[in-house]
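Sequence unavailable; structure follows:
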């Protein structure tokens, strides 16, 4: 978001929407090439990367070793998340069709529907988050 940081929730929602967009593009490509001889469908894996990108707060039932100097080593405390990275893979499983393509249109359309619902939910959550920020700013004006 070009230099402005609205917080961890907005960053997570932005990454989720990027992943959903990449998934949509991959599914659209699979559908468009379903009848292309020997076409191998592709799949996008971003939900695992999204989970890994979130920082860990540690076990709430245990005390974490607190550090107050960068030279100290934190043990079992909060852990920084990994950089978010979307992975696209080619599915090289058996061909479902006589022409050698492994695209099943019914499965792709079901995945498209699921991804569309996911994307709409993330967009609504983003809208709600920005509305809360806007409302909080208006209260202080």
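Cool, the structure landed. In this text, all values refer to a predicted model and were calculated from it rather than measured experimentally.

so where is the chain shaky, pLDDT-wise?
Flagging of the chain using pLDDT under 70 yields the residue ranges 1-6, 55-66, 72-81, 140-141.

Quick check: closest non-adjacent residue to the residue nearest the centre of it.
Using C-alpha atoms, centre = their mean, the residue of the chain that lies closest to the mean C-alpha position is residue 16, 3.5 Å off. In space, and not counting its chain neighbours, residue 16 is closest to residue 122: 4.6 Å by C-beta to C-beta, 6 or more residues apart in numbering. Every residue, glycine included, has its C-beta placed from N, CA and C.

who's in contact with that neighbour?
By C-beta atoms under 8 Å, 6 or more residues apart in numbering, residue 122 lies in contact with 13, 16-17, 20.

Could you check how far the residue nearest to the centre of the chain is from residue 121?
Distance, residue 16 to residue 121, using C-beta to C-beta, to the nearest Å: 9 Å.

how about the helices in the protein?
Counting by DSSP state H, the chain has helices at residues 8-32, 47-53, 105-139.

what's the closest of the ones you listed to residue 69?
Among those, helix 8-32 comes nearest to residue 69, with 24.6 Å by C-beta to C-beta.

Could you check how many residues crowd around residue 86?
By the measure other C-beta atoms under 10 Å, the count of residues near residue 86 is 16.
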